[in-house]
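S.K.: next comes the sequence, and after it the predicted model I'd like to discuss.
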Amino acid sequence: MRGLAIGLCVGLAGLAAAWGQQASGNRQACEELAKLALPHTRIVQAAEVEAGKLAPPDDSKNPIFGQLPAFCRVVAEAHPSSDSQIKIEVWLPVSGWNGRFLGQGNGGFAGSIYYRDLASAVQHGYASAGTDTGHTGSTTEAAWALGHPEKVIDFGYRGVHEMTLTGQAITKAFYGRAPGHRYFSSCSDGGREALMEAQRFPADYDGILAGAPAYNWTHLVASGIHSIQALQGKPASRIPASKLPAIHDAVLAQCGKGGSDGFLVDPRQCHFDPGALLCKGAESGSCLTGAQVTALKALYAGARTKDGKLVDYGLLPGAELGRNGWEAWVTGSDSSTSLGSQFLTGYFADLVYGRKDLDVQKLNLDAALKAAESKTGSVLDAVNPDLSAFSARGGKLILYHGWNDPAIPAEGTVDYFNSVVATAGEQKAAEFTRLYMVPGMQHCGGGPGPASFGQRGPADLSQANDLEHNIYLALQAWVETGAAPGTLIAEHIERAENGAEDEKPVVTLTRPLCPYPQEAGYAGKGDREKAASYVCAASK
C-alpha cells in the first residue's frame, strides 16, 4: 500500500507540474483582472503581492503570511440579489500553479474569509477562493440575518456557489485556461456547504471532502433546545466543567474494552449508565447529584418530539475532555458560554423568530422545530441523498466524522451516508463516495483519538504528504487517477499547550481509518500504539 501511495503521489505531482508549465506561459498581468466583466460581480481590487510581502489580512500572527510566494490577489463582491454583498477573495500563484482550483469553506455562521487556508493553498500551488458568504461577523453571531432573508439564502448556499463561479472564472482569465480539476474541502458548516454543492450544484467540483457536516441544520440546532433545557432548566441540573473528568473516567471504566488509550473505538457500543456517578454522600467533584444524573442521561439520549420521533442524536460517551470537548460545546465555563447555547440562541432569535429578546429556555421543542423547518429548512438543510447528477459527472465525495464530536452528532453523518448508498445502490455508491469514522476524535479534529489524517487539505500537506496519511490527497488521487481510497492512517499528535506554530509535533499513536462500515480491530499481536497491529473488518 505504501509503495502504491508514493507512486500515486509522484504521478499527481507530475501531472500538476506539467499542467503548471503549460498554464504559466499564457498568464496575463494580475492588474488586468480588474477589468474582468462577471455577472452581478464587481472586481474591487486585483494586485500582485510580492513573495514574502503579504501583511496579515486578519488578526492572525501566523508566520505563513510572510512565507508565501508571489501571487495575484483578487478581491471581488457579488450581488446576486438586491440585499446581497458577498465578499470573495481569489488567490493565484504567479508561478508554479499546479493546475487545480480549491474552494474554501466556513464554520459556524461564517462571516469571514479564512485567509490562513487561502495562504496554505497558494503555498502548495493551488488557485483558491474564499468567501464570507455574504455577511461580516463572528462564527457564533447571527444578528446579520434579522430581517434579511436574502442574506440567509447567501449563507445557506448561494454565497459558496457565487465564490465558486467567480473563483473559477478569474482563474481561467488569469492563466488562460480553466483549472484541470476543482476541489472543495471543509468541515462543520463547511461540511454542510460541501454537501450543498454536491446536491445543488453538481457541476461545480470534481472532488469534495466534507467533514462533520452540519447538513441537517434545522434538526441539529433545534435539538439544542432539549440539551440546554436539560442542563439549565433548573439550577440544580447544571453540570459544571469541573465534573467532566469524573464523567470521562467513569465511561472508560464501565466500557473498558477499547478504551485503554483514553477513547472508545465505537462509542455506540458503550451503554454507559450515568447513575454509576450518583453521589453516595455529600456532593463532590467526583460524583453527580440526582438532578445532574438526569441531565447527563438526557444529553446522551438525544432529542425527540412529543410523539417520540428523533430530532437528532445525543452525545456519544468516551471523549468528554479536551479543548475541543464538552466544556467548549456543551457545558461552557458557566451556564451561558457554551458554543452550543450561542448557536441555538442566535439561530432561533435571528433566523427563525426574528426576536432579539427570545428566551430559548421557554421554547417548545415541537413548535420550534416546525417553525425552523418552515422558515429555513429549504435554504439551510442539505439532506438530499440523491447525488446522481454529481456522480454522473465523475464527481467523488469523501465524508469523515469524529465519533466523539460534541458539536454535531456523528450518527447523523452515518445516516446520511447510508441514505446515499440506499439511493444509489451499494455498487454504484462505491464508485463515488466513502465515509471514514474516526475513533476518539472531537469536532473536526482534536480529542484523545487519532485525529490527524490530512483533513485540513493543503494545510496538512507538509506534515503528511502521502495518500495513506492524507485523506485530501487520497481524494485527489481518486479524481485524477481513478485509484479509490481504502484504508488510511491517522495519527494522534501531541503539541505543547502554548507551542509555536513551527514546533515539532510528537506522534504518540497511529490507527487505521477504515472505509465505513468497517472498523479497525487489534490483530492480536504487535504494538497496540501502531497502526500496523490493526486490521479493518466489518463492525460488530
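M.R.: Cool, the structure landed. All values reported here derive from a predicted model rather than from experimental measurement.

S.K.: distance check, Phe201 against Ile86.
M.R.: 15 Å (C-beta to C-beta, to the nearest Å). The way it works is simple: take the backbone N, C-alpha and C, and place the C-beta from them, glycine included.

S.K.: who has more neighbours, those two?
M.R.: Ile86 (27 against 17; other C-beta atoms under 10 Å).

S.K.: that one touches Leu165, doesn't it?
M.R.: No: counting by C-beta atoms under 8 Å, Ile86 does not reach Leu165; the two are 10.9 Å apart.

S.K.: between those two, what contacts are shared?
M.R.: When C-beta atoms under 8 Å, 6 or more residues apart in numbering defines a contact, no residue borders Ile86 and Leu165 alike.

S.K.: name the SS class of the nearest residue to Leu315 once chain neighbours are set aside, please.
M.R.: In space, not counting the residues next to it along the chain, Leu315 is nearest to Leu299; the distance is 5.2 Å by C-beta to C-beta, 6 or more residues apart in numbering. Using DSSP: H, G, I helix; E, B strand; the rest coil, the structure places Leu299 in helix.

S.K.: now do the same contact list for the residue located most distally from the centre of the chain.
M.R.: When distances are taken from the C-alpha mean of the chain, Gly281 lies farthest, 43.1 Å away, according to C-alpha atoms, centre = their mean. For Gly281, the contact set (C-beta under 8 Å, 6+ apart) is empty.

S.K.: give me the three-state assignment for it.
M.R.: coil.

S.K.: how much space between it and Cys287?
M.R.: For Gly281 relative to Cys287 (C-beta to C-beta), the value is 8 Å.

S.K.: chain neighbours aside, what residue packs nearest to Phe109?
M.R.: Using C-beta to C-beta, 6+ apart, the nearest residue to Phe109 is Ala142, at 5.2 Å.

S.K.: please apply the same query to Ser333.
M.R.: Ala241 (6.0 Å).

S.K.: show me what the one helix or strand Phe174 maps to is packed up against.
M.R.: Assigned by DSSP states H and E, Phe174 belongs to helix 159-175. Helices and strands touching helix 159-175, by 3 or more C-beta pairs under 8 Å, 6 or more residues apart in numbering; DSSP states H and E, are strand 71-78, strand 86-93, strand 100-104, strand 127-131, strand 181-187, helix 189-200.

S.K.: and the angle for the longest one with strand 100-104?
M.R.: For the pair helix 189-200 and strand 100-104, the angle between their directions (axes from the mean of the first three to the mean of the last three C-alpha atoms, to 10 degrees) equals 120 degrees.

S.K.: residue ranges with poor pLDDT in the stretch 351-500 of the chain?
M.R.: Residues of the stretch 351-500 of the chain that meet the criterion pLDDT under 70 lie in 463-464, 496-500.

S.K.: if we go to 80?
M.R.: 462-465, 495-500 (pLDDT under 80).

S.K.: domain parsing of the chain, as residue ranges.
M.R.: 1-179, 218-379 (automatic domain parsing).

S.K.: nearest to Pro485, of those domains?
M.R.: domain 1-179 (10.1 Å; C-beta to C-beta).

S.K.: pull the distance from the closest one to the chain's centre.
M.R.: 18 Å (C-alpha atoms, centre = their mean, to the nearest Å).

S.K.: stretch 240-252 too?
M.R.: Worked out by C-alpha atoms, centre = their mean, stretch 240-252 lies 26 Å from the chain centre.

S.K.: Lys234 contacts Thr289, doesn't it?
M.R.: No: counting by C-beta under 8 Å, Lys234 stays clear of Thr289, with 10.9 Å between them.

S.K.: pick out whichever of these two has more residues nearby.
M.R.: Thr289 (17 against 12).

S.K.: so what's the residue count around Val94?
M.R.: Val94, neighbours per other C-beta under 10 Å, totals 18.

S.K.: flag the shaky bits of the stretch 201-350 of the chain, pLDDT-wise.
M.R.: In the stretch 201-350 of the chain (pLDDT under 80), the answer is 256-261, 334-337.

S.K.: check which helix or strand the residue lying closest to Ala484 once chain neighbours are set aside maps to.
M.R.: Leaving aside its chain neighbours, Ala484 sits nearest to Trp478 (5.7 Å; criterion: C-beta to C-beta, 6+ apart). Assessed by DSSP H and E, Trp478 sits inside helix 471-481.

S.K.: angle of the helix holding Phe174 against helix 189-200?
M.R.: 80 degrees.

S.K.: tell me the mean pLDDT over helix 159-175?
M.R.: For helix 159-175, mean pLDDT rounds to 98.

S.K.: that one to strand 86-93, inter-axis angle?
M.R.: Using the same axes, to 10 degrees, helix 159-175 lies at 30 degrees relative to strand 86-93.

S.K.: quick one, what contacts the spatially closest residue to Gly454 that is not a sequence neighbour?
M.R.: Leaving out its chain neighbours, the residue that sits closest to Gly454 by C-beta to C-beta, 6+ apart is Asn470, at 2.9 Å. Contact analysis of Asn470 by C-beta under 8 Å, 6+ apart lists 453-454, 460-461, 464.

S.K.: ok, those vs Arg177, which is closest?
M.R.: Distances from Arg177 to these, taken by C-beta to C-beta, are shortest for Leu461, at 23.9 Å.

S.K.: and the gap between the residue nearest to Asp357 when sequence neighbours are not counted and Ile408?
M.R.: Leaving aside its sequence neighbours, Asp357 sits nearest to Ala349 (C-beta to C-beta, 6+ apart; 8.0 Å). Ala349 sits 21 Å away from Ile408, going by C-beta to C-beta.

S.K.: how about Ala127?
M.R.: Distance from Ala127 to Ile408, by C-beta to C-beta: 30 Å.

S.K.: also Ile493?
M.R.: As judged by C-beta to C-beta, Ile493 and Ile408 stand 22 Å apart.

S.K.: do the same with Thr41
M.R.: 32 Å.

S.K.: of the two, which one has the most company?
M.R.: Ile408 (27 against 20).

S.K.: wait, what's in contact with the residue lying closest to Tyr416 once chain neighbours are set aside?
M.R.: Distance criterion C-beta to C-beta, 6+ apart; nearest residue to Tyr416, sequence neighbours excluded, is Tyr215 at 6.0 Å. Tyr215 sits next to 191-192, 195, 381-383, 412-413, 416 when contact means C-beta under 8 Å, 6+ apart.
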